[in-house]
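Undergrad: Here is the input, now give the coordinates:
(chains A, B, C and D)
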There are 4 protein chains.
Amino acid sequence: MTGKETKGETRGEARGTTPPSRDGRIPVAVLGATGAVGQRFVSLLDGHPWFRVTALAASERSAGKRYADVTRWFIDQPMPEWAAAMEVIPCEPGLDARIAFSGLDSSVAGAIESAFARAGCAVVSNSRNHRMDPQVPLLVAEINADHLSLVDEQKVRYGGRGFIVTNPNCSTVGLVMSLAPLHRALGIQKVIASTMQAVSGAGYPGVPSADILDNVIPYIGQEEEKMESETLKILGSARAAATFAVSAHCNRVHVSDGHTLTVSIQTATKATPEEATSILRDAPNPLAGLGLPSLPEKPIVVRGEPDRPQPRFDRMAGKGMTVSVGRVRRCPVLDLKYVALVHNTIRGAAGVAILNAELLKVKGYL
Amino acid sequence: MTGKETKGETRGEARGTTPPSRDGRIPVAVLGATGAVGQRFVSLLDGHPWFRVTALAASERSAGKRYADVTRWFIDQPMPEWAAAMEVIPCEPGLDARIAFSGLDSSVAGAIESAFARAGCAVVSNSRNHRMDPQVPLLVAEINADHLSLVDEQKVRYGGRGFIVTNPNCSTVGLVMSLAPLHRALGIQKVIASTMQAVSGAGYPGVPSADILDNVIPYIGQEEEKMESETLKILGSARAAATFAVSAHCNRVHVSDGHTLTVSIQTATKATPEEATSILRDAPNPLAGLGLPSLPEKPIVVRGEPDRPQPRFDRMAGKGMTVSVGRVRRCPVLDLKYVALVHNTIRGAAGVAILNAELLKVKGYL
Amino acid sequence: MTGKETKGETRGEARGTTPPSRDGRIPVAVLGATGAVGQRFVSLLDGHPWFRVTALAASERSAGKRYADVTRWFIDQPMPEWAAAMEVIPCEPGLDARIAFSGLDSSVAGAIESAFARAGCAVVSNSRNHRMDPQVPLLVAEINADHLSLVDEQKVRYGGRGFIVTNPNCSTVGLVMSLAPLHRALGIQKVIASTMQAVSGAGYPGVPSADILDNVIPYIGQEEEKMESETLKILGSARAAATFAVSAHCNRVHVSDGHTLTVSIQTATKATPEEATSILRDAPNPLAGLGLPSLPEKPIVVRGEPDRPQPRFDRMAGKGMTVSVGRVRRCPVLDLKYVALVHNTIRGAAGVAILNAELLKVKGYL
Amino acid sequence: MTGKETKGETRGEARGTTPPSRDGRIPVAVLGATGAVGQRFVSLLDGHPWFRVTALAASERSAGKRYADVTRWFIDQPMPEWAAAMEVIPCEPGLDARIAFSGLDSSVAGAIESAFARAGCAVVSNSRNHRMDPQVPLLVAEINADHLSLVDEQKVRYGGRGFIVTNPNCSTVGLVMSLAPLHRALGIQKVIASTMQAVSGAGYPGVPSADILDNVIPYIGQEEEKMESETLKILGSARAAATFAVSAHCNRVHVSDGHTLTVSIQTATKATPEEATSILRDAPNPLAGLGLPSLPEKPIVVRGEPDRPQPRFDRMAGKGMTVSVGRVRRCPVLDLKYVALVHNTIRGAAGVAILNAELLKVKGYL
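TA: Alright, predicted model coming up:
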């Protein structure tokens, strides 16, 4: 651990009064723990050096039962034993947890997350409900850590130590991770993106097999709107969204995990495909050195093959936290075009949320 | 049959010396008959009222054997009995055929097709070799029938009755079918299209299952270049290609048949999505009334559901000859965006070739 | 129509008092019309020469709305226009229908079907609830038409003209269709069958894509028990089930439609694979000549290729009503083994039910 | 490392004159290194504590080029850097390697493997050519280590230190791993197995996507014969194959990796499903304590869920070396039935070969 981290930790403890958990790790809860994103939280928090899961919360229907008995586990790593044995509890504040990771369905997430924030929790949410709230950071740790300045305003609103930090929609994450270095270097003016999204993005049971077998569904409810608005909020300042034009076409394809995006962009400063490739390949990682456990060595890799990235072979790059880019080339209509790939339930959901929480810790917000 | 057709027929016969086949139908050959496109030709020509298959030609390896014995039939209708029993012959001119439908692989199509044209055949080809030749019509019957004026020049070149007419690449067909009415009404200025293409587009054996199962391949060799150049040739005049900007992203997805395209366009005259929908829905069919057997009742349909067209449910619209469009809406970057779907081996390959040949007949070129 | 049919028709009319429908066709209802099997009923009854759909019935939730508005149609032929426009009604007796085709979920089918029978309807059901009732024929028209003698007992039970006839589970149909000729000729003693079943067998939404993509599920609830007991009831007499041993392994695989079965059998009379093939190929069709509209020309076909039947290419044989068999060969453990394929929602569900109803008509039960 | 291992190593060195490789690990070659099984060898040998890859050999076409340049890598872990940089060499004896792991295609494996054995190499082969040779052990390390006694005879045949050891066909491995403990405890008398095999079993390019998408192929050339004969050789003694009856039905399904088998067995000693489950669960691992790096903690696991094992979720059990069994239950025809799952390219091919080689080492055959 670096000195910087220690400092962050100290600052965090100075701010709060959280009793240290038994092993010194921060107690965290997972809300919506039995669902698709909740399972990823459980899987990724298994053995986490900073966070210890003290509560698995879900709907009333599951509450009171063993996690293993109410969860249809679909991750290809075994369910952690500690999780299997835990009793699921209702999603009500008062848990022994400094952080509440939320994978709640958006039909209920809004009110529950607000309640947890009012109760003093740091809510780190993957749900869409609070994403566009002007006081809520829509955070991708490597891109807009400065938006955390909004948290202090929220503490006033919620009357204590509680606040909400969100991460973007899964397909947005893939887009902004690839756009951010180009935006800093060249100034994005226009973006047209067409996605080919995995079924896991729809949760569980999600997409019926009868709908997607030998098929493409060229529509995902609200997804295009999210990509178009969230991208601008993330790439803007804490106070003001960016103002360039974004157009998204969202499609569901027959893939288990991994969203593939084809992207065309126009930039203020013109660059060749080779220059753009270099910008992406050499993008500095502003969080390097902070020792964040979930930070991949390279947030972006650029593949040199003519036909990559591909979901089956590239989604697990950087343990699912690295966005893969390829085929950077001239666009005859805008300026440049390329392919991007993001693991939708890791970098695009639970993984980015945990990374965001790690950032909160070293920045002293916990 | 209409008077116009009869006239065309007469004119055709006046021009040539083809002995009438026994049942009065025009004798036709299929070149590359054992391959993926060749099989579609055989299937679609089964029971054709104007054309009678007199020769199935393929590589030396298959020549001399029964078609049923050398063809791995993969169409979900049974192989026609007449075809099963035919002896495959080599791809050499001198066949008893007025038309040679070519589904040849591009590695050999160029020379063979030229030889057939020199020998007096009307070559109606799905291969790419001659598509961009300035004297060869790149024809989609409903769109640019006027390009047939180039045929007379070719007759000079080939020294007789022979000539070559090509149809575009499968994904291009889906794009130009949807663009054509909009171009006529509004004037296309810019197009960005991203495709999700079926595996049948790669022929047989084509894409290994290990490459596409649970995967997307964001690259198809030469496909983007074809879409970008062929679109302009088709939507231009016989002498001069159109000059607007086209950018294509081509992807292979896990679908058996049916290419799905997401399209963003900018137009000279602005239109609302509702107006554009009406333009597509009400597009006149310039070939209606000619009695072409393969002409669908509606070359384009516009679906009203929020999540259509989809390949599994819409590819067989109009027996595979109708292009389905949906989700016409505003594009925040260009002007309009929509989804289009084309059956790649019917409307996008063998079907459009046969329709083109039917047009040749009624226009008196046979 | 043959004389025999006319006779059947007359006999039917002599027995009942159904007012002839306007066009002379028998009025029929579809119960559970919005579901997977219900949609197949609607599709297969479209244009039926003997039956006219007068009612589409479904749950209270759908009642009162247009069929097109409450049905997520997933058949790759368009929804018939007459069906789209019909108002869905509740599943309550009193409909204008002589036959009620039931595609109801088994959670509700039992009571509703009994109510319709009491109200005088001929209930032709695909649901499992009444299948093993000793008074209810478990009918596959070509195999055990003699079981219809049970119907008269039922009329006593239900106090009038009403009764219930069921068809077997989809995988059972594929098995018994292939076993029946062999049982008649050789005497089946033991059967071990392992299935690879399509997702459509689970209804809609059915199997989540996350469960079956790149996967096999080696378990289908109650399916093995059904195959083991239903097979014996069908291949026995009306009064007594057959007594040989049946063992089923049921598996779900990634196929849209079409159940594939591998079958090993032991027979009392020994036969070579060639003899067994001839028995299957030459099996007489006891219903030939009755003019049943849904009767395929060949209830069974035996394919000669080494690698057939396959669901994608053979499921639609005989418009989905023909069971395809292949690879008849010696079994080193029992006597013979082979592969069978059945279209699970046509021959295995709605199609066999309609065929059964056609048999009821010509036999005078309506 | 245990004393036994050290002893084995010493004994091996006493027998031969192989110069120790630089880091003390045994130099090994991979034959057919660019193919599907060859890639698995490369991947599994990456970082192996006992073996160091000194040669990657393939066809003349690839020889002389960098491995990375001629290999279409399809494993979802990155290609090891040392492998990427190696120059591929022809498959000719004289390599600096004590072991030659062979993933050669059977069209060439026979002669090449014999040549390597004559040249003094220990050939550890996954190819079928020498499997049924009475002097060649068909080895699954945990099951029939005693068959290694055949090796000494071979040394005479090949005139030196060279010999051939093979492993079974992938589907056979899954079957015999599950049968072996039951055979020892109860005495197998009859076996009927039906497989659902992954496409990776067919190598690369292997099964065309057009053949398997939305399909099942109920035939794999020679596979049933292999399962029926190899099973008996493995479960017999070194001199005499077992004599019970085995019947296999082999099918290809739409799965990337992992063969699923449904199995019915008859045993001499009768056992309840619970007893059979205990036999499988408690089967002693005769190789435990030898420190074999590729030996899984549990060669067999028995799952308790009603619907497992499943390829997507269970194939990687024990890093792909554990066979998963489930659903042990009574068979109405034979005695017991169950489901088994094996990772076909790890435990069923390259993994078992490497485990076999590890056994050779500790037993002093190298």
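Undergrad: measure A:Met196 to A:Met79 for me?
TA: Look at A:Met196 and A:Met79: by C-beta to C-beta, to the nearest Å, they are 29 Å apart. All C-beta atoms are positioned from the backbone trio N, CA, C, and that covers glycine.
Undergrad: Name the residues of chain A found near chain C, please.
TA: Contact residues, chain A versus chain C (C-beta under 8 Å from any C-beta of the partner chain): A:36, A:74, A:199-200, A:204-214, A:254-256.
Undergrad: for chain A, longest helix please?
TA: Among the segments of chain A that qualify as a helix by DSSP state H, the longest is helix A:170-186.
Undergrad: by contact count, what packs against that one?
TA: Counting by 3 or more C-beta pairs under 8 Å, 6 or more residues apart in numbering or on different chains; DSSP states H and E, the packing neighbours recorded for helix A:170-186 are helix A:141-144, strand A:188-196, helix A:223-235, strand A:259-267, helix A:273-281, strand A:300-302, strand A:323-330, strand A:336-342.
Undergrad: Can you spell out which helices and strands pack onto the helix or strand following the last one?
TA: Counting by DSSP states H and E, the element after strand A:336-342 in chain order, helix or strand, is helix A:351-362. Applying 3+ C-beta pairs under 8 Å, 6+ apart, we find helix A:351-362 packed against helix A:3-15, helix A:36-45, strand A:99-102, strand A:122-125, helix A:141-144, strand A:163-166.
Undergrad: returning to that earlier point: go back to the residues of chain A next to chain C and keep what's next to chain B.
TA: Near chain B, judged by C-beta under 8 Å from any C-beta, the entries from the residues of chain A next to chain C are A:Leu213, A:Asp214, A:His254, A:Val255, A:Ser256.
Undergrad: Among the residues of chain A next to chain C, which lie within helices?
TA: Counted as lying in helices by DSSP H, out of these, are A:Ala36, A:Ser209, A:Ala210, A:Asp211, A:Ile212.
Undergrad: Export those to a markdown table and append columns for distance to B:Arg52, pLDDT and neighbour count.
TA: Converted to a markdown table, these look like this (distance: C-beta to C-beta, whole Å; pLDDT from 0 to 100; neighbours: other C-beta atoms under 10 Å in any protein chain shown):
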| residue | distance to B:Arg52 | pLDDT | neighbour count |
| --- | --- | --- | --- |
| A:Ala36 | 57 | 89 | 23 |
| A:Ser209 | 43 | 95 | 28 |
| A:Ala210 | 41 | 92 | 23 |
| A:Asp211 | 42 | 95 | 22 |
| A:Ile212 | 42 | 96 | 24 |
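Undergrad: ok, which pair from those is furthest apart?
TA: A:Ala36 and A:Ala210 (19.3 Å; C-beta to C-beta).
Undergrad: show me what contacts the closest residue to A:Tyr204 other than its chain neighbours?
TA: Spatial nearest neighbour of A:Tyr204, excluding adjacent residues (C-beta to C-beta, 6 or more residues apart in numbering or on different chains): A:Ala36 at 4.7 Å. By C-beta atoms under 8 Å, 6 or more residues apart in numbering or on different chains, the contact set of A:Ala36 is A:Phe74, A:Gly103, A:Ser200, A:Gly203, A:Tyr204, A:Gly206, A:Thr345, C:Ala210.
Undergrad: Verify the stated contact: the second one with A:Ser127.
TA: The reference is to A:Gly103. Yes. Between A:Gly103 and A:Ser127 there is a contact at 7.5 Å, judged by C-beta atoms under 8 Å.
Undergrad: Residue of chain A nearest chain D, please.
TA: The nearest approach of chain A to chain D comes at A:Asp214, 4.8 Å away (C-beta to the nearest C-beta).
Undergrad: And the pLDDT for that residue?
TA: Looking at A:Asp214, its pLDDT stands at 97.
Undergrad: ok, how many other residues are close to it?
TA: A:Asp214 sits with 22 neighbouring residues when counted by other C-beta atoms under 10 Å in any protein chain shown.
Undergrad: How about the contacts made by it?
TA: Counting by C-beta under 8 Å, 6+ apart, A:Asp214 touches A:His254, B:His254, B:Val255, B:Ser256, B:Pro311, B:Arg312, C:Ser256, D:Leu213, D:Asp214.
Undergrad: so can I have CSV of those showing distance to D:Lys65?
TA: Listed next are those as CSV, based on distance: C-beta to C-beta, whole Å:
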residue, distance to D:Lys65
A:His254, 35
B:His254, 31
B:Val255, 35
B:Ser256, 35
B:Pro311, 39
B:Arg312, 42
C:Ser256, 42
D:Leu213, 33
D:Asp214, 38
